[in-house]
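Asks: Got a predicted model here, sequence first, then my questions.
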Protein chains: 2
Amino acid sequence: MQPGVWRLTLGEPEAHTPSSVFSYQPAESGLREMPNVEDCPLSVDAITGKQISRGFQVTLPLGVDEQLYGLGLQLFSMNQRGKKKTLRVNSDPVADTGDSHAPVPFYVTTSGYGVLVDTLRYMTVYCGSAARRLDADCASSKPGGAASSAAGAEELYESQARSGDAQVIIDIPSARGVDLYLFAGPDMQQAVQRYNLFSGSGCLPPMWGLGVWYRCKSDFTELDVLAMAEKFRNDGIPCDVIGLEPGWQSHAYSCSHIWGPKFPQPKQMMTRLSEMGLHVNLWTHAFTHPSSPIHEQLSSRSGDFLVWGGLVPDFADPEARRIFADFHKKEHVDLGAPAPAPTASWLPRGASGYKMDECDNSDFIRSAWSFPEVSNFPSGLDGEQMHSAFGRLYQQTIQSIFDGMGRRTYGQVRSSWSLSAALPYVLYSDLYDHKAFIRGVVTSGFSGLLWGPEVRHAVSAEDLIRRIQTVVFSPKAQVNAWYIKNPPWEQWIRNANNADQLHEDREWVTETIKRLFEVRMQFLPYLYSSFVKYHQTGVPPFRALVMEDPTDPNLQNIDDAYMMGDRALVAPVVAGINERDLYLPKGAWRDFQTGERYEGGQSHHFDVPLDKTLVFVKDNSVLPLAQPVQNVSDPALRQITVNVYGSGELGCTLFEDNGEDMEYKRGQMNTVRLAWDSSTQSAHLARSGNVQAPRYEVGGWNQIS
Amino acid sequence: MQPGVWRLTLGEPEAHTPSSVFSYQPAESGLREMPNVEDCPLSVDAITGKQISRGFQVTLPLGVDEQLYGLGLQLFSMNQRGKKKTLRVNSDPVADTGDSHAPVPFYVTTSGYGVLVDTLRYMTVYCGSAARRLDADCASSKPGGAASSAAGAEELYESQARSGDAQVIIDIPSARGVDLYLFAGPDMQQAVQRYNLFSGSGCLPPMWGLGVWYRCKSDFTELDVLAMAEKFRNDGIPCDVIGLEPGWQSHAYSCSHIWGPKFPQPKQMMTRLSEMGLHVNLWTHAFTHPSSPIHEQLSSRSGDFLVWGGLVPDFADPEARRIFADFHKKEHVDLGAPAPAPTASWLPRGASGYKMDECDNSDFIRSAWSFPEVSNFPSGLDGEQMHSAFGRLYQQTIQSIFDGMGRRTYGQVRSSWSLSAALPYVLYSDLYDHKAFIRGVVTSGFSGLLWGPEVRHAVSAEDLIRRIQTVVFSPKAQVNAWYIKNPPWEQWIRNANNADQLHEDREWVTETIKRLFEVRMQFLPYLYSSFVKYHQTGVPPFRALVMEDPTDPNLQNIDDAYMMGDRALVAPVVAGINERDLYLPKGAWRDFQTGERYEGGQSHHFDVPLDKTLVFVKDNSVLPLAQPVQNVSDPALRQITVNVYGSGELGCTLFEDNGEDMEYKRGQMNTVRLAWDSSTQSAHLARSGNVQAPRYEVGGWNQIS
């Protein structure tokens, strides 16, 4: 295997597993640059696998104080130590059972290693939660067999209470074996990096993908969409991407994948939006309606059950993927005027990407709308395996369009699985609890995932503003107005919004939201560079504080604050809260808004009035901020001011490229090192690379002492 | 098999199934008295079973309009048509996934048959919710195989939309086969009757079990309990059973099963309570602490994991059951003065029964406290199978104590499974939604279960009264004050109650509650007779309205009203509601309180002020009502008034016996037929049987026209 990666085969692994079904390409060079670790971080002798009546059981050691994280997107808990989790894709995961849009069978621990279980089964992990008897042999003897000695029984049980927990038990139904992949650290973040690099490394979205997104109401017509786009520009509210919801298709639920009567001239619409500096993202799902032109071709390459009357394409079949992708390219991505050669202001005129809905099994609650676990697919996967794989394979299918064009995309998907870090898709959910949405940003970073805490409506101006404060410091700054007619800052209450009863407070609220979007745009160069590092090294751009210092117990359960890149720490609050305690990681930190300095390694109490987002910058570093432009194609984005915190000696790194295509893979990217020398009071900018444009221009160094 | 019962073996059934692991004795005579049905209600050729990658799959036919009920206690839905349900025991089943305290793998349909799946696996049922392709053959062909013809594709899909639903698909993980038991009707209620009779027929609780129950606060001492008992008697509030919560044991969580320091003289306490006409019910659970005297004996007869540091007894092992039951008998049931010979006023002085807690797997949400699915038990069951069986086997263990003594018991249990109708235990939950609690009364009746919508605290006087209105018309009229010090009618808000801040409205609320408990006591002869019919014929004493007339679509989704016995229809409302619409089954009905007549087969609108419980009596029947005594041992309970509704010609049947022991099985029970002849304006009482005492005495016939 790759350096610092070990594969352990237990029993007879199944034919269909993530590593056999998914396309992925380990980032060999990135892995080679990781610290050398000679020995497997877990003793292979301490890991056991055995066939049991239910399937296959794996047992791994776990230290008494070892904390355990990961298992994909987990909206209801972060630290999994002591929990039992069943990893089942679920479209409406209402409880902390393990069910998730993306329950990745991968965990990392504070001891600095990661474990990937290469399965598509609904496996259960007992994260030190089950207490095995030390005298367990007696339990496998027949009734009437010898009882264990009573002498010392109490003492025995006391030790069981301690050592009984020191195990991870994995229960894989139906399987007769499994491969484990072990990832060395030496620390927890490095274990995550190795996993991400092994998966193909972190994705690099186009720069415009990091701008502001606005999804229009589902029943909007072409003209409604254009009117909304013009409203954004007239109101001076930043926006880079306009999303269309189901109404654009001639038939949705299931999907025809073709334009419907509300969009008679999609090519012209997309050209016009492109001229306004806007990209178009198309909602869709995979279930293919009989009226779709690809229905016949997919018929023999689909599962044996229908969903909403539509075929379930067998995305594990390369030919099914090709049929699906080719049609989407032709109908949506290639639509529009021929694209000019990539430049900083180059804008594609066809669809820039997709929002892949409904690929996340069923909700198991209100209705069982998706295909059953007992389904068969021509590729040989059964329904359970396909549910685990479906969102991941759907991404792979869509990604092939853009990879084939040498063009980047950034999209949304409602399900994912393991080995997916390289796929530029952000998870979303119909759930809407703000605290859970913040937690999603934190937990997704352990498993090579991105999560978007999108804003839809709000119960109050405060709720709206608090939610926007979170989303602008997240992987995807999206307002999803699919069920409201006017932007939520003009009326956050759904029914009133749709009745055009705009809120009397809309002026100041709009100004507040606009300012928050501008902050997003100011952070874009920094944020983009954080993604470049994700791509180069596997360090998640959004990650839990515990990853900074796994040995600090005070960080081990913080699920409402996170790192954004190397320099910024974000601690959002929800409506109803205007103060909070926060333990800061060791080192010193600066309040982004006031510059005030706080010592790390201790808790502080912060007032958080409504106009405040708690963001901290690492002391003695610098933070480049862009002009608050309307969209990424505006060259003013490259005119930056550099905030210098304290000595500024830790500096910061930016990356320069066209932000659109794959040329960076051929070295077409500059590295720009920014730092401040406090002794000489001088700025330092060191650029390496041959890209001539676009380049950042520093308009000023702003010292904050 | 028995008449009207068929067994269908598909594949190779597992060694450990309900029918192989549980003790049950089909009620042969009751089954013989059912209508003769020659042919299996489902065509055996239409039922298929096959081994699949996940386990075993069974497919059964389902008519287009056929509605499907059962699957045990289901708190979140009644009609399962169109749903996917996974039958997994869950101690905190918060969503409509199939998870339940008692998810019995048995269903009945409006076409008048029942299907029992003889498995302990976490099976999934697709109740007509999965749409299989009619051209599904093509899906099993290899990629590159022949596609189905495009000609007529739309037409094909339209027919799929119809016929695709017409299946029940059962997915049994890990299994290689299963036995199905099919129960003929000819109607739905008769299918339920046959299932109950096959299970051993419905249980017959002791008459005192149908009185009012009050569980004391968990930390009460012996003296606190006695003081509470005296308070009831002083306040004139009916009560038959006092329940003790965990505090009585020397160690709970896990359990020592022995009395602790708060109860230094349990024998004297029980004797004193007995003298006050009160029975004692003991909370407990099965997980056995090292300090328990039976710990050593159970050590070799327990699973290989601990729960709360306690052994998990292997209740599938008869010797483990014997050890457990013998100790409970000696320590609790036999405690107290020697019992005198059974008479109507005979009262046992040891524990009258148990509340069996924590036998329902884990909640899968907050913590995974129970043993893992991968557990092994000496009997050969794995953890998954044991979770399904555990509550049922625990009941069987405890029941053996009372069966061996020829004495009846009535208890509580937090989990059950199939073939359990004969076990006199009422299910309960830590959930507390009043609507779900009402629905539980309705759904449990399809699968041979009893559910108790117990009252704990309330958010308002209205909430308390509405909840009590429900519980007095349920299988178990229990107030469970385990976390409040004073009775909830003196203060329904938990914290205030425990601070002894009694509510200013307590006087009228107490009077209202007292009156409701008195109504319960008035209905006791009728209710007891409904249980005798359950025992004799398998007709559930509490059941859904749809069971009365499965062909009436207006009844098929009513989950908030139910039949109590043959004559009464109960339609509770929850707080916030003071009017409701209700569709009454065909025939005519009388308002129990006003005597007003309502035509059935149509909807009516009812005002439901707080002093009103919507109860209807079948027109032209009679309803015997007892004196509102304090407890069942009061002979005044046998002095009844008979309400005559309309012509009274449909009459009503009562049963007379000592209500305590098993002598009724040897014919020691009278049948008393009550009717009214409207033409002669004369009452008819026809008694058969030799029991001399106790007998009912009719004090008057009260004509309501």
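Replies: Noted; the coordinates are in hand.

Asks: where exactly do the helices run in chain A?
Replies: For chain A, the helices defined by DSSP state H occupy A:18-21, A:28-32, A:153-163, A:188-198, A:222-235, A:266-275, A:295-299, A:318-328, A:383-405, A:434-444, A:461-471, A:494-498, A:506-537.

Asks: Make JSON lines from those helices and add mean pLDDT, distance to B:Val472 and mean neighbour count to it.
Replies: For glycine as for every other residue, the C-beta is placed from the backbone atoms N, C-alpha and C. As requested, the helices of chain A are exported to JSON lines (pLDDT from 0 to 100; distance: least, C-beta to C-beta, whole Å; neighbours: other C-beta atoms under 10 Å in any protein chain shown):
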{"stretch": "helix A:18-21", "mean pLDDT": "98", "distance to B:Val472": "56", "mean neighbour count": "19"}
{"stretch": "helix A:28-32", "mean pLDDT": "96", "distance to B:Val472": "69", "mean neighbour count": "15"}
{"stretch": "helix A:153-163", "mean pLDDT": "37", "distance to B:Val472": "44", "mean neighbour count": "14"}
{"stretch": "helix A:188-198", "mean pLDDT": "98", "distance to B:Val472": "57", "mean neighbour count": "28"}
{"stretch": "helix A:222-235", "mean pLDDT": "98", "distance to B:Val472": "57", "mean neighbour count": "16"}
{"stretch": "helix A:266-275", "mean pLDDT": "93", "distance to B:Val472": "65", "mean neighbour count": "19"}
{"stretch": "helix A:295-299", "mean pLDDT": "98", "distance to B:Val472": "59", "mean neighbour count": "21"}
{"stretch": "helix A:318-328", "mean pLDDT": "98", "distance to B:Val472": "60", "mean neighbour count": "19"}
{"stretch": "helix A:383-405", "mean pLDDT": "97", "distance to B:Val472": "46", "mean neighbour count": "25"}
{"stretch": "helix A:434-444", "mean pLDDT": "98", "distance to B:Val472": "40", "mean neighbour count": "25"}
{"stretch": "helix A:461-471", "mean pLDDT": "98", "distance to B:Val472": "43", "mean neighbour count": "23"}
{"stretch": "helix A:494-498", "mean pLDDT": "97", "distance to B:Val472": "41", "mean neighbour count": "15"}
{"stretch": "helix A:506-537", "mean pLDDT": "98", "distance to B:Val472": "52", "mean neighbour count": "21"}
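
Asks: May I see the ones you listed arranged in a markdown table, with distance to chain B as well?
Replies: Rendered in a markdown table, the data for the helices of chain A read as follows (distance: least, C-beta to the nearest C-beta, whole Å):
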| stretch | distance to chain B |
| --- | --- |
| helix A:18-21 | 14 |
| helix A:28-32 | 31 |
| helix A:153-163 | 5 |
| helix A:188-198 | 23 |
| helix A:222-235 | 27 |
| helix A:266-275 | 25 |
| helix A:295-299 | 4 |
| helix A:318-328 | 6 |
| helix A:383-405 | 6 |
| helix A:434-444 | 14 |
| helix A:461-471 | 25 |
| helix A:494-498 | 22 |
| helix A:506-537 | 33 |
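
Asks: Nearest to B:Ala458, out of those?
Replies: B:Ala458 lies closest to helix A:434-444 among the helices of chain A, at 28.5 Å (C-beta to C-beta).

Asks: Can you give the distance of that closest one from its chain's centre?
Replies: Shown here is helix A:434-444, whose average C-alpha point lies 10 Å from the average C-alpha point of the whole chain (C-alpha atoms, centre = their mean, to the nearest Å).

Asks: What is that helix packed up against?
Replies: The contact analysis (3 or more C-beta pairs under 8 Å, 6 or more residues apart in numbering or on different chains; DSSP states H and E) places helix A:434-444 against helix A:461-471, strand A:542-544.

Asks: Can you dump the C-alpha atoms of it in PDB for me?
Replies: The C-alpha trace of helix A:434-444 is given here as PDB (Å, rounded to 0.1, in the frame of the first residue of the first chain):
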ATOM      1  CA  HIS A 434     -29.400  25.500  13.200                       C
ATOM      2  CA  LYS A 435     -27.200  23.900  16.000                       C
ATOM      3  CA  ALA A 436     -27.200  20.600  14.000                       C
ATOM      4  CA  PHE A 437     -26.300  22.500  10.900                       C
ATOM      5  CA  ILE A 438     -23.300  24.000  12.700                       C
ATOM      6  CA  ARG A 439     -22.300  20.600  14.000                       C
ATOM      7  CA  GLY A 440     -22.400  19.300  10.400                       C
ATOM      8  CA  VAL A 441     -19.600  21.700   9.400                       C
ATOM      9  CA  VAL A 442     -17.600  20.300  12.300                       C
ATOM     10  CA  THR A 443     -18.200  16.500  11.800                       C
ATOM     11  CA  SER A 444     -18.000  16.300   8.000                       C
END
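
Asks: Now tell me what touches it from outside.
Replies: Where contact means C-beta atoms under 8 Å, 6 or more residues apart in numbering or on different chains, the residues beyond helix A:434-444 that reach it are A:69-70, A:72-78, A:102, A:427, A:429, A:431, A:450-451, A:453-454, A:463, A:466-467, A:470, A:474-475, A:542-544, A:558-562, A:572, A:574-575.

Asks: which among these end up buried?
Replies: Buried members of these, scored by 16 or more other C-beta atoms under 10 Å in any protein chain shown, are A:69-70, A:72-78, A:102, A:427, A:429, A:450-451, A:453-454, A:463, A:466-467, A:470, A:474-475, A:542-544, A:558-562, A:572, A:574-575.
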